[in-house]
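Enquirer: pasting the sequence and the predicted coordinates here, then a few questions.
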Amino acid sequence: MAKPKKRRRMAGRGSVLLIAGLFIGSAGLRISMGANAAWAENDFAREMLAPVVQQVTNTPESGTRAEMAGLLTALQDREAAVAEQEAQLEMRAKSLDVAQQEIERRIQALEAAEQRLSATLALADSAAEDDLARLTTVYENMKPKQAAALFQAMEPEFAAGFLARMKPDSAASIMAGLEPQNAYSISAILAGRNASAPKN
């Protein structure tokens, strides 16, 4: 009579271990298939299922159907918790993807705006340089006496800028027509332009 009872106990314990193994396998399979961070989720599942596995391992041979049902419920609860964690990780991954795309979109918009600004500044610089070159040519082609009258009315710094761009003979003719004080001021500005430049 003792032998069949022992056989039933062994069979009951074997069934519990088999069911626990199936649930653990199922949780591991779900984690490995659906998660972006598979190693982290496997560790999470192992930690969550460890108490249940320990309980199954330590179940006395006299376990009843009620105890088995309780263990199954506990395993199902653990599996649901693993599934919820997996869903949260997937949501976080999607949120990070959306944020990354938005960051990249803004960076591209900033780069495009920077290129447009650089092109505008280059165009403005080129236009200003062209205007100065044209005006310098106009002054060079004027009669020295007329040009000198204009330069006499200019601020010395402004006049020095044009004279520095002119051919030396044109600039000399204009300077000769200026009042000595103005000619001296413009000469001092022209001479001092490169005084602070490094000599070596």
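Expert: Nice, I can see it.
Enquirer: helix/strand/coil for L178?
Expert: coil (DSSP: H, G, I helix; E, B strand; the rest coil).
Enquirer: pLDDT score for it?
Expert: Per-residue confidence (pLDDT) for L178: 91.
Enquirer: roughly how far apart are it and I186?
Expert: L178 sits 7 Å away from I186, taking Cβ to Cβ, to the nearest Å as the criterion. All C-beta spots, glycine's among them, are computed from the backbone N, C-alpha and C.
Enquirer: scan the protein for its longest helix.
Expert: In the chain, taking DSSP state H as the definition, the longest helix is helix 65-141.
Enquirer: may I have the helix or strand that comes right after that helix as CSV, with CA atoms only?
Expert: Of the helices and strands lying after helix 65-141 in sequence (DSSP states H and E), the nearest is helix 144-153. Output of helix 144-153 as CSV, limited to C-alpha atoms (Å, rounded to 0.1, in the frame of the first residue of the first chain):
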residue,chain,number,x,y,z
PRO,A,144,41.1,115.2,-59.7
LYS,A,145,39.8,118.7,-58.8
GLN,A,146,36.1,117.5,-58.7
ALA,A,147,37.1,114.3,-56.7
ALA,A,148,39.1,116.4,-54.3
ALA,A,149,36.1,118.5,-53.5
LEU,A,150,34.1,115.4,-52.7
PHE,A,151,36.8,113.9,-50.5
GLN,A,152,37.2,117.2,-48.7
ALA,A,153,33.6,116.9,-47.6
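Enquirer: what angle do the very next helix or strand once past helix 144-153 and helix 65-141 make?
Expert: As assigned by DSSP H and E, the chain's next helix or strand after helix 144-153 is helix 156-165. On the basis of axes from the mean of the first three to the mean of the last three Cα atoms, to 10 degrees, helix 156-165 is oriented at 80 degrees to helix 65-141.
Enquirer: and helix 156-165, what's buried?
Expert: Neighbour counts using 16 or more other Cβ atoms under 10 Å place P156, A159, A160, G161, F162, L163, R165 of helix 156-165 among the buried residues.
Enquirer: show me what that helix is packed up against.
Expert: helix 65-141, helix 144-153, helix 168-176, helix 180-192 (3 or more Cβ pairs under 8 Å, 6 or more residues apart in numbering; DSSP states H and E).
Enquirer: for the third one, which outside residues touch it?
Expert: By Cβ atoms under 8 Å, 6 or more residues apart in numbering, the list of residues contacting helix 168-176 from outside reads Y139, E140, P144, A147, A148, F151, L163, A164, M166, A183, I186, S187.
Enquirer: thank you, goodbye.
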